[in-house]
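**Student:** Quick one: sequence and predicted model below, then my questions.
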Amino acid sequence: MPHAFARRAAVLVAALALTGCGGKPSQPFDALTALPAPDYAGTEAWLAFPGRDGLERSTPPGLTPVAEAEAPADVFFIAPTTIADKESWNAAWDADDVAAPLNPPVLLGQASVFNGCCRIYAPRYRQATLPGLSDQGAVDLAYQDVAAAFRVFIAEHNDGRPFIVASHSQGTLHAVRLVQREILGSPLQDRMVVTYLIGGYVPDAFPEIGLPICDAAEQTGCVLSWNASKIGSAIARIVINDKTYWWNGALKDANQPQAICVNPLTWRAGSTDAATPAEQNPGSIPLPRTPPLPTLTPGLTGARCHDGMLEVDLSDGPEAYSDQLTRLAGSYHLNDYGLFYAALRENAVTRVAAWRAAHP
């Protein structure tokens, strides 16, 4: 019992770090008093939108973004929680960069990964705040916006082109539901190049409902995910353990399948006997706070999938990759994208090319 209590206490500490330690709204969630919904017919309702030359068009030195008029595909990118508010269940969709300080870093360090292959569409939405992520009503409200944005993206902007769905953290929670409700079993599924659902729990039961897990660099029409952590960190598993998620038409919170883990240095799924060496990592960047993007660091870390987590060894790594969550929980959640920036960028280009070769 003492051991179990200590473990729960450690998990609680990590969970508080993950949710920003603090506060909870004083009133219960009420959808009737929610802030107004965004109108995705207007470009102001989009965090990233083609033609703006925004931060998502940034590249590390030596790389260039594809011209948007020549981009062979689109990406629908669902951002993680960027809001600092802890007093509300949901944030205003039009929160500025002071209220949502992670907006610029997410565009710079995550969405920009896809500017080598794609036009980038990232909706603003009434994000569940950090405390709001514990309330299903707040999560559902956020999902409603994401789904509405996706329908506008398909109907008004995509023009029948191939597309990628990509996400991180809270965005992945919504993407797991979106892919099931809006894409699988519909004509859109054939146009979906790949789904990069990173930094959250993604069940490995997706093949049972018609979406294979990616297991090769050029495979298309598949789903992949990873959650980066220190080697052997049990606390970091709060990102994938005991989650409530949308599955096959309803919320599910029991009999959880293992989380998908695809190694972004080999693009193979599942556990491996040995880590992929750091020499195979083409380049990393820490989560950037302001432009310009830094120079890529090749060979920063290797990786291996182990029991649903992507374990990395940064014991001698730069301080820029360490934050409170890393120190308390052994999680590299904020750098899930950045640790494998170049590998992910190259892979998105590769999969789009493979899709187009198969659909002349």
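**Tutor:** Sure thing, it's come through. Numbering: from 1, shown residues only.
**Student:** Mind jotting down where the helices sit in the stretch 101-250 of the chain?
**Tutor:** 103-109, 136-152, 170-178, 188-191 (DSSP state H, counting those that start in this stretch).
**Student:** What is the neighbour count of the closest residue to R191 other than its chain neighbours?
**Tutor:** Closest residue to R191 apart from its sequence neighbours, by Cβ to Cβ, 6 or more residues apart in numbering: P162 at 5.2 Å. All C-beta atoms are positioned from the backbone trio N, CA, C, and that covers glycine. A count of nearby residues for P162, using other Cβ atoms under 10 Å, gives 21.
**Student:** mind listing what P162 touches?
**Tutor:** P162 is in contact with 72-74, 191-193, 352, 355-356, 359, counting by Cβ atoms under 8 Å, 6 or more residues apart in numbering.
**Student:** for F49, same thing?
**Tutor:** 43, 120-122.
**Student:** Go through these and single out the one with the most neighbours.
**Tutor:** When neighbours are counted by other Cβ under 10 Å, I120 leads those with 29 neighbours.
**Student:** Roughly how far does the spatially closest residue to G210 that is not a sequence neighbour sit from R177?
**Tutor:** Excluding the flanking residues, the one nearest G210 by Cβ to Cβ, 6+ apart is L184, at 5.3 Å. To R177, L184 is 11 Å away according to Cβ to Cβ, to the nearest Å.
**Student:** for T301, same thing?
**Tutor:** With Cβ to Cβ as the criterion, T301 and R177 are 31 Å apart.
**Student:** Settle it for me: which of the two has more neighbours?
**Tutor:** Comparing T301 with R177 by other Cβ under 10 Å, the one with more neighbours is T301, at 25 against 19.
**Student:** L296 against I285, yeah?
**Tutor:** Yes: contact criterion Cβ atoms under 8 Å: L296 and I285 qualify, at 6.1 Å.
**Student:** coming back round to it: ranking the helices of the stretch 101-250 of the chain by burial, who's on top?
**Tutor:** helix 170-178 (a mean of 26; mean count of other Cβ atoms under 10 Å).
**Student:** looking at the sheet around A73, what are its partners?
**Tutor:** Taking DSSP bridges as the rule, A73 bridges to C118.
**Student:** Quick check: pLDDT value at it.
**Tutor:** Turning to A73, the model gives it a pLDDT of 98.
**Student:** and it, how far is that from A31?
**Tutor:** For A73, the distance to A31 equals 35 Å [Cβ to Cβ].
**Student:** for this protein, which spans come out with low pLDDT?
**Tutor:** Where the chain drops to pLDDT under 70, the residues are 1-23, 273.
**Student:** how about 50 then?
**Tutor:** Residues of the chain meeting the criterion pLDDT under 50: 1-22.
**Student:** Let me see the contact set for the residue nearest the centre of it.
**Tutor:** Closest to where the C-alpha atoms of the chain average out (Cα atoms, centre = their mean) is H168, at 1.4 Å. Applying Cβ under 8 Å, 6+ apart to H168 gives the contacts 78-80, 106, 110, 198-200, 336-337.
**Student:** any chance of the residues you listed in JSON lines, plus distance to A37?
**Tutor:** As requested, the contacts of H168 are arranged in JSON lines below (distance: Cβ to Cβ, whole Å):
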{"residue": "I78", "distance to A37": "16"}
{"residue": "A79", "distance to A37": "17"}
{"residue": "P80", "distance to A37": "20"}
{"residue": "V106", "distance to A37": "21"}
{"residue": "Q110", "distance to A37": "24"}
{"residue": "I198", "distance to A37": "26"}
{"residue": "G199", "distance to A37": "25"}
{"residue": "G200", "distance to A37": "23"}
{"residue": "D336", "distance to A37": "29"}
{"residue": "Y337", "distance to A37": "28"}
